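>>> Quick one, fold the following:
(2 chains)
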Number of protein chains: 2
Amino acid sequence: MAVVAELSSSSSYTKSTRLHSSQCSISSTHLSYLRRRTFRPVTRPRAATITCSVASDQVQAPIAIQAADPNSKNDCYGVFCLTYDLKAEEETKSWKKTINIAVSGAAGMISNHLLFKLASGEVFGADQPIAMKLLGSERSFEALEGVAMELEDCLFPLLREVKIGINPYEVFQDADWALLIGAKPRGPGMERAGLLDINGQIYAEQGKALNAVASPNVKVIVVGNPCNTNALICLKNAPKIPAKNFHALTRLDENRAKCQLALKAGVFYDKVSNMTIWGNHSTTQVPDFLNARINGLPVKEVIKDQKWLEEGFTEKVQKRGGVLIKKWGRSSAASTAVSIADAIKSLVTPTPEGDWFSTGVYTTGNPYGIAEDLVFSMPCRSNGDGDYELVKDIIFDDYLLQRITKSEAELLAEKRCVAHLTGEGVAFCDLPEDTMLPGEM
Amino acid sequence: MAVVAELSSSSSYTKSTRLHSSQCSISSTHLSYLRRRTFRPVTRPRAATITCSVASDQVQAPIAIQAADPNSKNDCYGVFCLTYDLKAEEETKSWKKTINIAVSGAAGMISNHLLFKLASGEVFGADQPIAMKLLGSERSFEALEGVAMELEDCLFPLLREVKIGINPYEVFQDADWALLIGAKPRGPGMERAGLLDINGQIYAEQGKALNAVASPNVKVIVVGNPCNTNALICLKNAPKIPAKNFHALTRLDENRAKCQLALKAGVFYDKVSNMTIWGNHSTTQVPDFLNARINGLPVKEVIKDQKWLEEGFTEKVQKRGGVLIKKWGRSSAASTAVSIADAIKSLVTPTPEGDWFSTGVYTTGNPYGIAEDLVFSMPCRSNGDGDYELVKDIIFDDYLLQRITKSEAELLAEKRCVAHLTGEGVAFCDLPEDTMLPGEM
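Take a look at the predicted model:
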């Protein structure tokens, strides 16, 4: 089925988008203007989007030295309004410099796990002060206040600032990390192309916002699905930020793949290494048992059941989320949050000698022959500075290449389907089949 | 209103209990027999309550050395079945000895945050292997499997065993810590006495189970409400375990109290210390601003607004949970889990010099003149060995004493109301008013 997206002049990005078989009639410049107008309404006062739970007249004369300009702390939440002046000299001299972490979908269940992990110091370390910039929607804003209140009640010593809002141009200000979790779930009867478009619009706008206000070297991890193509859209809309800085999360797939190999081999999961997820975070993903190792040995020398490796294993990994939804009644927020934490830790701590991790990154310059200009999950190593390099000593066989090619074809199709959002002209949707992972949209 | 509980010969502890104004007609010995029968049905096969996701014929010849007796690992979940023999010599020689953590209500939202914190090493340290024993109910068993699957997918290196079940006599086996979170919420039209009874029955049975099968020095933290009286019931039913080892969680109240004082004083929350919550985890709780300190100074020297301290402050702390439910649409699972982690950390790490923490503990031998034989929140210090001592240098004034007396009276009334569950004869319920905290049942 071929579908081409036409965008109506929507007044809100929450509005559903009509899809029919005609050409996209609005230029990307025009789109950009419409989107900008949506996200930066001139009529919405600043106070409506950024909240501080304490009015200045409710607070007694403080003991601690306050920031000279009281307005400088207006854009914070509750107890975090009153305390640290993040720009003060004393802070940056005696401590690591505070890092700004922006999170979208901050009122959702994945964030509800992730934010508390980040604030506890578990991810960035016990000596790394953190400021959180939490993006919600108008619908979720009260829930977001609830999250900020719970963060207050936890007394995390490293959490120096919490800011909440619904405008990415405000919330993403100076972000060093952007964890983009928010996405629309697919509504009843919505085609995959419709989902690509509606979430693509969100990620295009968030890319523009990051480009405009985030740290120029911000690291971006896209979790909201379809995450590879969302990440591509995001980076295309943020030309000032290095494309290399954008990631699509495939770490949960990697973790699940390691666990399934461990189960099959009868070993603890810490014995499984060198696990790559290739390609798209969808059912075309390729958990690579050719290069993975168990107790340092190639998987095939340990698990002799080739049929299971080629069929059962991949299916186990792909279907894990669906099985969990059936058991648990909702999608796997806790383990997704852990995998986001893992993905960050892999970039800020050196990769163990001889091992690697998987992340969806921009393909340009890859040594594997994968099509350029995609976001594709590949094996990476980091020296812990937030950056990474692709792993070189990878082997391929026909089976692996064939499956990588299939995932590549899917991502090329998804890319054509969102051309109107990446500045590449007319979108043309010809998606072969429905390959979304269940419950992870 | 006076209510006396009569227990019918229920075949399940999930069955609701009839309440009317007559004497309790069943002796506690008889009750004990009935309860035992409920929890240890001879007709239920072991396999129905303890699950391993991998059948032995699905697993290839393992590389790692397996336990000699295959049956010894039957009572585990999934990947955790195949790996560590917790009793093996090599384990205890090269690592800290694995600790067994039992958690009830393990499929609930608080546990969904707590289990992943425990498994990450955040609470007990990065060198402390952990085995988890998760107690659910028949109703929640599939969700509990989902939780165990998510724990598998997280690849936590310290998590060596996960066991799930619905029989506390099996699940609590060798527990070093028991975190008792599971409790029934109050149904529509249910009197507080009814809630005390129905949850009291659960905690009486879990006390018996701990007494029978847990480590003789198990530390127990009761979170399920009404937590003080549940803890009292639990310890009365576990005579082999030191009464001192039982705690009722008031740490979330303490954390919230610190945050509210910080907000009022205009300081960061880490400047607030020596915070005591006295009494019951209910609206009669007493957040103690007489002994608390801000920047090392008595609170009253920093916050001059006595009216706010006596009225606004306590109300803020008590009503926090209710405000959160309104904002967030559900109760505060994440910050409750953080406060449980805080409560454990306070017992396994030395208390900072000059400071203390609050926990609901058995009153016998207390230096404050509080009635003996209650579980009452008081100020404690620990040298980090899992034990604690009460703080001696506490000052009282009439206001503080009067409020402590009110909370004491409430706990004495609750105790009379559950006399049939503590082995003290006939229950008589004369609860003054409804003082449950919203959303924390």
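>>> got the contact list for the closest residue to A:Thr98 other than its chain neighbours?
Spatial nearest neighbour of A:Thr98, excluding adjacent residues (CB to CB, 6 or more residues apart in numbering or on different chains): A:Pro129 at 4.2 Å. (C-beta placed from N, C-alpha, C; glycine too.) Contacts for A:Pro129 (CB atoms under 8 Å, 6 or more residues apart in numbering or on different chains) come out as A:Tyr84, A:Glu91, A:Trp95, A:Lys96, A:Lys97, A:Thr98, A:Ile99, A:Leu158, A:Leu159, A:Arg160.
>>> quick check, A:Pro379 in a helix?
No. A:Pro379 is assigned strand when assessed by DSSP: H, G, I helix; E, B strand; the rest coil, not a helix.
>>> so it makes contact with A:Glu389?
No. In this structure, A:Pro379 is not within contact of A:Glu389 by CB atoms under 8 Å, at 10.1 Å.
>>> Name the residue in the two with the higher neighbour count.
More crowded of A:Pro379 and A:Glu389, by other CB atoms under 10 Å in any protein chain shown: A:Pro379, with 24 against 12.
>>> Could you identify which of the contacts of A:Pro129 has the most neighbours?
A:Leu159 (26 neighbours).
>>> who touches it in this structure?
A:Phe80, A:Ala119, A:Pro129, A:Ile130, A:Met132, A:Leu151.
>>> can you rerun that using 7 Å?
A:Ala119, A:Ile130, A:Met132, A:Leu151 (CB atoms under 7 Å, 6 or more residues apart in numbering or on different chains).
>>> same check, this time on A:Asp127
A:Lys96.
>>> Distance of it relative to A:Ile294?
36 Å (CB to CB, to the nearest Å).
>>> do A:Glu205 as well
44 Å.
>>> what's the residue of the stretch 301-441 of chain A found nearest chain B sitting at in phi/psi?
Residue nearest to chain B within the stretch 301-441 of chain A: A:Trp328 (2.8 Å; CB to the nearest CB). A:Trp328 adopts backbone torsions of phi -100, psi -20, taken as degrees, to the nearest 10.
>>> A:Leu232 too?
phi -60, psi -50.
>>> cool, and A:Thr405?
Dihedral angles (degrees, to the nearest 10) for A:Thr405: phi -60, psi -40.
>>> same deal with A:Ser358?
Torsion angles, degrees, to the nearest 10, at A:Ser358: phi -110, psi 140.
>>> can I see the domain layout of chain A?
As assigned by automatic domain parsing, chain A contains the domains A:4-46, A:47-247, A:251-422.
>>> Where among those domains is average confidence lowest?
Ranked on mean pLDDT, the bottom entry among these is domain A:4-46, at a mean of 31.
>>> how distant is stretch A:302-321 from the center of its chain?
Taking CA atoms, centre = their mean, to the nearest Å, the mean C-alpha location of stretch A:302-321 is offset from the chain mean by 26 Å.
>>> all helices for the stretch 151-300 of chain A, in order.
Remark: helices assigned in the stretch 151-300 of chain A by DSSP state H, counting those that start in this stretch are A:168-171, A:192-213, A:227-236, A:251-265, A:299-302.
>>> So which of those is the most surrounded?
Highest mean neighbour count among these (mean count of other CB atoms under 10 Å in any protein chain shown): helix A:227-236, with a mean of 29.
>>> by contact count, what packs against it?
Counting contacts by 3 or more CB pairs under 7 Å, 6 or more residues apart in numbering or on different chains; DSSP states H and E, helix A:227-236 packs against helix A:192-213, strand A:219-222, strand A:246-248, strand A:357-362, strand A:375-381, helix A:398-417, helix A:419-422.
>>> what's the angle from it to helix A:192-213?
With axes from the mean of the first three to the mean of the last three CA atoms, to 10 degrees applied, the angle from helix A:227-236 to helix A:192-213 works out at 40 degrees.
>>> Which ones among the contacts of A:Pro129 lie within strands?
Secondary structure from DSSP state E places A:Ile99, A:Leu159, A:Arg160 of the contacts of A:Pro129 in strands.
>>> Go ahead and confirm the last one touches A:Met132.
This points to A:Arg160. No. A:Arg160 is beyond contact range of A:Met132, at 9.0 Å (criterion: CB atoms under 7 Å).
>>> Near A:Ala178, how many other residues are there?
31.
>>> surely it meets A:Ala102?
Yes. Counting by CB under 7 Å, A:Ala178 touches A:Ala102, with 4.6 Å between them.
>>> any shared contact partners between those two?
Taking CB under 7 Å, 6+ apart as the criterion, A:Ala178 and A:Ala102 both touch A:Phe172.
>>> Point me to the residue of the stretch 151-300 of chain A nearest chain B.
Counting by CB to the nearest CB, the stretch 151-300 of chain A gets nearest chain B through A:Gly266, at 2.9 Å.
>>> Which residue, other than its chain neighbours, is closest to A:Lys258?
A:Val272 (4.3 Å).
>>> picking up where we left off before, JSON lines for the helices of the stretch 151-300 of chain A, including distance to B:Gln402?
Putting those into JSON lines (distance: least, CB to CB, whole Å) gives the following:
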{"stretch": "helix A:168-171", "distance to B:Gln402": "47"}
{"stretch": "helix A:192-213", "distance to B:Gln402": "54"}
{"stretch": "helix A:227-236", "distance to B:Gln402": "58"}
{"stretch": "helix A:251-265", "distance to B:Gln402": "55"}
{"stretch": "helix A:299-302", "distance to B:Gln402": "70"}
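>>> Ok, which of those helices comes nearest A:Asn383?
For the helices of the stretch 151-300 of chain A, the distance to A:Asn383 is smallest for helix A:251-265, at 18.6 Å, taking CB to CB.
>>> and that closest one, how far from the chain's centre?
Worked out by CA atoms, centre = their mean, helix A:251-265 lies 21 Å from the chain centre.
>>> That helix - contacts with which helices or strands?
strand A:272-273, strand A:276-278, helix A:314-328, helix A:333-348, strand A:357-362, helix B:141-153.
>>> Run through who's touching the shortest one.
Residues outside strand A:272-273 that contact it (CB under 7 Å, 6+ apart) are A:Lys258, A:Leu261, A:Ala262, A:Ala292, A:Arg293, A:Ile294, A:Asp355.
>>> How about the second one?
Counting contacts by CB under 7 Å, 6+ apart, the residues outside strand A:276-278 that touch it are A:250, A:253-254, A:257, A:285-288, A:291, A:358, A:377-379, A:404, A:407.
>>> Could you list the paired strands of that strand along with their orientation?
Strand pairing for strand A:276-278, using DSSP bridges, gives strand A:286-288 (antiparallel).
>>> List of residues touching the strand it pairs with?
A:253, A:257, A:276-279, A:313-314, A:317, A:400, A:403-404, A:407.
>>> Pull out the buried positions in it.
Across strand A:286-288, burial judged by 16 or more other CB atoms under 10 Å in any protein chain shown covers A:Val286, A:Pro287, A:Asp288.
>>> got it, and stretch A:155-168?
Quick answer for stretch A:155-168 (16+ other CB under 10 Å): A:155-156, A:158-168.
>>> need the residues of the stretch 251-400 of chain A near chain B, please.
Contact residues (CB under 7 Å from any CB of the partner chain) of the stretch 251-400 of chain A with chain B: A:252, A:255-256, A:258-259, A:262-270, A:294-295, A:302-305, A:320, A:324, A:327-329, A:332, A:334-335, A:338.
>>> Any idea what the most centrally placed residue in chain A is bridged to?
Nearest to the mean C-alpha position of chain A, by CA atoms, centre = their mean, lies A:Val222 at 2.0 Å. Bridge pairing for A:Val222 (DSSP bridges) gives the partners A:Leu180, A:Ala248.
>>> before we move on, the earlier item: including distance to A:Gly146, could the helices and strands packed on helix A:227-236 go into JSON lines?
JSON lines is the format used below for these (distance: least, CB to CB, whole Å):
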{"stretch": "helix A:192-213", "distance to A:Gly146": "22"}
{"stretch": "strand A:219-222", "distance to A:Gly146": "24"}
{"stretch": "strand A:246-248", "distance to A:Gly146": "29"}
{"stretch": "strand A:357-362", "distance to A:Gly146": "31"}
{"stretch": "strand A:375-381", "distance to A:Gly146": "33"}
{"stretch": "helix A:398-417", "distance to A:Gly146": "35"}
{"stretch": "helix A:419-422", "distance to A:Gly146": "32"}
